[in-house]
Every structure is written in C-alpha cells, then in structure tokens.
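Participant: predicted model and sequence follow; I will ask about them next.
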Amino acid sequence: MLINIGQLLTLRAAFPGAGPRRGSELNELGIIKDGAVLCLDGKIVSVGATKDALRDSWVKQNRRSLVEVDCANKVVLPGFVDSHTHPVFVNPRLVDFEKRIEGLSYEDIAAAGGGIRSSVETVRKTPKAALAAKVTTALKQMAAFGTTTVEAKSGYGLSVVSEIKSLEAIRDAALNWPGTLVATLLGAHVVPKEFQGCSQKYVEIVCKEMIPLVAKRKLAQFVDVFCDQGAFTAGETQQIFVAAEKSGLSVRAHMGQLSEIRISQFLRFNPASLDHMDHVNEGDISQLAKSNTVCTLLPGANYFLGLNEYPNARRLIDGGVPVALATDYNPGTSPTLSMPMAMSLACTHMKMSPAEAVAAATVNGAWALRLGDRKGSIEPGKDADLAMFDVEDYREIPYWFGGNHCAVTWLNGVVASRA
Ligand code: NIG
Ligand code: FE
C-alpha cells in the first residue's frame, strides 16, 4: 500500500471503454493529491486519498500484514510503456556516431557499410544466451527509469535462424524480468547484404518462412516493417502485412522517418501503431484521426541524429490523432533507455505539454501495444505497474533532463529500486 503520495497521476479513463487519448484528453492526468494505492497479487485494488485508504475497514483489519510505503509527498504515476525498442544488439555503433559528427547522413553511413547491417554481423555470430543477457541488462535499466512494459523487436538477425534466435533471446530475457515484455518480429528491417538487389526474394522469406514460424512458435505478437527509402517499399510492406494477417499476427510499422509515404493505404490492416512519422501527408491526418492506430513519436532518434526537424506532434494532436512516445532504444539512432528523456525532448522540441508527454508515455503507449485495458493507468483491476519519482510536481519529470529521478518502480507488483 502506497500512501502519502503528493501527486498521484491516475490517468484514469474518462468513461468505461475509452480508447487511446486524443486532443485535449491528453492533458487529463486524473491527479489525486495526497493519494494512496492498494495493490494485491500484482493488481491494483483501490485508488484514492490517503485519509480514505487509512479509514477503510479492510485496511484497518489487515494493516499489519500490508507492506506500507510512505511516499513522503513524492509523485507516483503509471509505469511507462516503452512501446518501441530494438534491444537485441551487441555493440554500440561508435564509428557511425563519429562519421555523423563529421557530417555524413544516416543514409550515407548505411550505404558505406555502417548502419543496421553492421549490427547484423555481430548478432548473427553471438549466441542466444549472450543476446538475452544484453536484453536483460537493458530491461533492468529501463525499469530504473520508471518503465514497466516494453515492446522489444528483433531486426538485427535478418535470416530465419537469427531472427528466431533474437526473438528467443527476448523471450528468455522476459523470464528474468518482472515487467511485461511484448515481442515484435522486425525481419523486414533492411534487406540483408546477401539479398541486395533482389529484395523480393528476401520479402518472400519473411512472408513464407519467418512469419509463419514465429506465429506457430508464438515468439511474437506483432510484425513490424521499416517502410522507407533504403528499406522496404509500400508494396513490399503490404505483402508482409498480408502474410502477418494470414498468420494471425498484428502489425505495426516504421513509417515516414526519412521520407513521406501515404499512410491511408495501410489502415485497412488496422496497424496498432505507426512509428516515427516525421513526414506525414496532410491528407492522412484526418484518416488517422478516425482510426485507433496510434502514432508513436520517437524524438530520441531526431536528437541523436542531430536533426533540426522533429515530428509535428502539435499537428497530429490538434488533428485528433492519438500519439504515444517511446525511446526507440537502438544502437544506430537512439541509444537511450530513458522515457523521461523522450518526454523531455517531446516538450522542448515538439511543444507537447508535460501532461501530454505523460499521457503519451503511459496510457497511449499501452494502446499502441493493444494493452490499454491492462496497462497505462492506475485504476482498480489494472496491473500494478507504478513508478515513484523523487519530485514534488510531475512536470519535473521532463524538466530535469539527462538525470534520473525515478526512485522506485513496481512491475506487476514486484518492486525494483534504483540502488
Ligand atoms: O527506429 N528506422 C529504422 N530502425 C531504427 C534504426 C535502427 C538502426 O539504425 O540500427 C530506428 O530508428
Ligand atoms: Fe525503430
């Protein structure tokens, strides 16, 4: 039982059955001052004011057997849902980092043999247990920043064997982590070297071998495609989405990171989320606003690539599109595990309010993973995923950038302190 919470950000739904937040709903945090949360067996049981919690007859009777946490006026909010990460890699890409500082672009570096393909070589050579250890280390650090649910993609294997190995590494890491992990097959990250010039052959392997096998072995819930210049075309993406649909897997995609693409052609596949969205066609905004597809914005990538432009969050939010925020943790474009950092960038570079950033990092992240009925808010019946920050006001979470003020995280009721 957590008591004396200075600001308890419940993010409770405005009405039963509410979906992802849009427009002004993103500013509604459902704050309870001097709040309390009671959890039992990994679930939230009740939420309210401390004085009411302490007066409750069940609490009075059972108080001695409760683990009581005095939050000393700090902020408690739903654990972050990091709905877009690529944690299955081995080494940082330091040469890419230096080359970019010298002035080469992400695409130039990829063309010169760096980029995603350089991470593939080491992932293919590395045993599964070592990959799983890398993922476990990342998950622990994410929890230290307040994250309790993580979507993890494969995508640096790019062969049936190595994509399966990557997804098994994610599965094995999940066994050692009390939080919730959602796995995504990103076999279509780029065309691997051995298929250069014959991408169609590789797409067939993704569609006919990888996807059916991953579905059969239940190694992933989603199929992702990097649909952009230098990666996969709109036609190839649709082909992959059809295969996913046939195998009963849901879809999501990297879209509009490097170039504009018409989104409306993909909405019939009901993607859970379309991510990056640096370039969005104006005509697609109203289509997106009518759908439940979340647009997941990844400002860590813009920051790390040193770009001046960021996704136009204001246009999307004001146009009624549900937006989420995630880290895009990966070795090439966003080596950060910190959701508060992503939120800070959203505030300073995308002009999202601190409240919008909180909602995008919690409840809308949950919807981006189709977990909105279990995750992303502090309401009775939901999973006990909570983060306590050593601050008095939630706006300090994106304000104090670059540090870590998360004091304690509860993942499905299991406590993880920073120390
Ligand atoms: O989300 N855009 C494609 N995928 C990653 C980058 C991966 C990499 O460079 O290793 C992204 O930014
Ligand atoms: Fe990504």
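Facilitator: Alright, I've got the coordinates. Keep in mind that what you see is a predicted model, and the values were worked out from it rather than measured. Ligands and ions are numbered 1, 2, ... in the order given.

Participant: so for this structure, the centremost residue is which one?
Facilitator: For the chain, Ser83 is the residue whose C-alpha lies nearest the centre (CA atoms, centre = their mean; 1.7 Å).

Participant: what's the burial count for Trp177?
Facilitator: When neighbours are counted by other CB atoms under 10 Å, Trp177 registers 21. No exception for glycine: its C-beta is placed from N, CA and C like everyone else's.

Participant: quick check: nearest residue in space to it, chain neighbours excluded?
Facilitator: Leu139 (4.6 Å; CB to CB, 6 or more residues apart in numbering).

Participant: tell me which parts of the stretch 151-300 of the chain are close to ligand 1?
Facilitator: 226, 254, 257 (CB under 6 Å from any ligand atom).

Participant: picking up where we left off before, quick check: phi and psi at the residue nearest to the centre of the chain.
Facilitator: The phi/psi pair for Ser83 (degrees, to the nearest 10) reads phi -90, psi 20.

Participant: so it sits against Ala324, correct?
Facilitator: Yes. Contact criterion CB atoms under 8 Å: Ser83 and Ala324 qualify, at 5.7 Å.

Participant: now the common contact residues for those two.
Facilitator: 273, 294, 296, 365, 368 (CB atoms under 8 Å, 6 or more residues apart in numbering).

Participant: how about the first one, what does it touch?
Facilitator: Contact partners of Ser273, counting by CB under 8 Å, 6+ apart, are 83-84, 252, 293-296, 324, 368-369.

Participant: out of those, which is nearest to ligand 1?
Facilitator: Distance to ligand 1 across the contacts of Ser273 (CB to the nearest ligand atom) is lowest for His84, with 7.1 Å.

Participant: pull the number of nearby residues for the closest one.
Facilitator: 32.

Participant: what residue ranges in the stretch 101-250 of the chain score low on pLDDT?
Facilitator: Within the stretch 101-250 of the chain, no stretch has pLDDT under 70.

Participant: just want the residue of the stretch 51-200 of the chain that's nearest ligand 1.
Facilitator: Closest point on the stretch 51-200 of the chain to ligand 1, by CB to the nearest ligand atom, is Ile116, at 4.4 Å.

Participant: helix, strand, or coil at the closest residue to that residue other than its chain neighbours?
Facilitator: Spatial nearest neighbour of Ile116, excluding adjacent residues (CB to CB, 6+ apart): Val190 at 4.8 Å. Val190 falls in the coil class when you classify it by DSSP: H, G, I helix; E, B strand; the rest coil.

Participant: before we move on, back to that, of the residues of the stretch 151-300 of the chain next to ligand 1, just the buried ones, ChimeraX syntax please.
Facilitator: Filtering these down to the buried ones (16 or more other CB atoms under 10 Å) takes a single ChimeraX command:
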select :226,254,257
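
Participant: now, the residues of the stretch 151-300 of the chain next to ligand 1 that are in strands?
Facilitator: If you go by DSSP state E, these have 226, 254 in strands.

Participant: so can I have JSON lines of the residues of the stretch 151-300 of the chain next to ligand 1 showing distance to Ser166?
Facilitator: JSON lines is the format used below for these (distance: CB to CB, whole Å):
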{"residue": "Phe226", "distance to Ser166": "15"}
{"residue": "His254", "distance to Ser166": "17"}
{"residue": "Gln257", "distance to Ser166": "21"}
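
Participant: now the residue sitting furthest away from the middle of the chain: how far from Leu104?
Facilitator: Here the centre of the chain is the reference, and by CA atoms, centre = their mean the most remote residue is Gln61, at 40.1 Å. Going from Gln61 to Leu104 by CB to CB, to the nearest Å gives 67 Å.

Participant: so where does the residue of the stretch 251-400 of the chain found nearest ligand 1 fall, helix or strand?
Facilitator: Across the stretch 251-400 of the chain, the shortest distance to ligand 1 (CB to the nearest ligand atom) belongs to Gly332, at 2.2 Å. Using DSSP states H and E, Gly332 is not contained in any helix or strand.

Participant: swap in Glu121?
Facilitator: Using DSSP H and E, Glu121 falls in helix 116-125.

Participant: tell me who's in contact with the residue nearest to the centre of the chain.
Facilitator: So Ser83 contacts 149, 151, 182, 273, 294, 296, 324, 326, 365-366, 368-369 (CB under 8 Å, 6+ apart).

Participant: count of neighbours near the residue lying closest to Asp228 once chain neighbours are set aside?
Facilitator: Closest residue in space to Asp228, ignoring its immediate chain neighbours: Leu258 at 4.7 Å, by CB to CB, 6+ apart. Neighbour count for Leu258, taken as other CB under 10 Å: 18.

Participant: just to revisit the earlier point, narrow the shared contacts of Ser83 and Ala324 to those in helices?
Facilitator: 365, 368 (DSSP state H).

Participant: which of the shared contacts of Ser83 and Ala324 tops the neighbour count?
Facilitator: Gly365 (34 neighbours).

Participant: touching, that one and Pro322? I think so.
Facilitator: No. Judged on CB under 8 Å, Gly365 makes no contact with Pro322 at a distance of 10.5 Å.

Participant: returning to what we had before: output the contacts of Ser273 in JSON lines, with pLDDT appended to each entry.
Facilitator: Shown next, in JSON lines, are the contacts of Ser273 (pLDDT from 0 to 100):
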{"residue": "Ser83", "pLDDT": "98"}
{"residue": "His84", "pLDDT": "98"}
{"residue": "Arg252", "pLDDT": "98"}
{"residue": "Thr293", "pLDDT": "98"}
{"residue": "Val294", "pLDDT": "98"}
{"residue": "Cys295", "pLDDT": "98"}
{"residue": "Thr296", "pLDDT": "98"}
{"residue": "Ala324", "pLDDT": "98"}
{"residue": "Ala368", "pLDDT": "98"}
{"residue": "Leu369", "pLDDT": "98"}
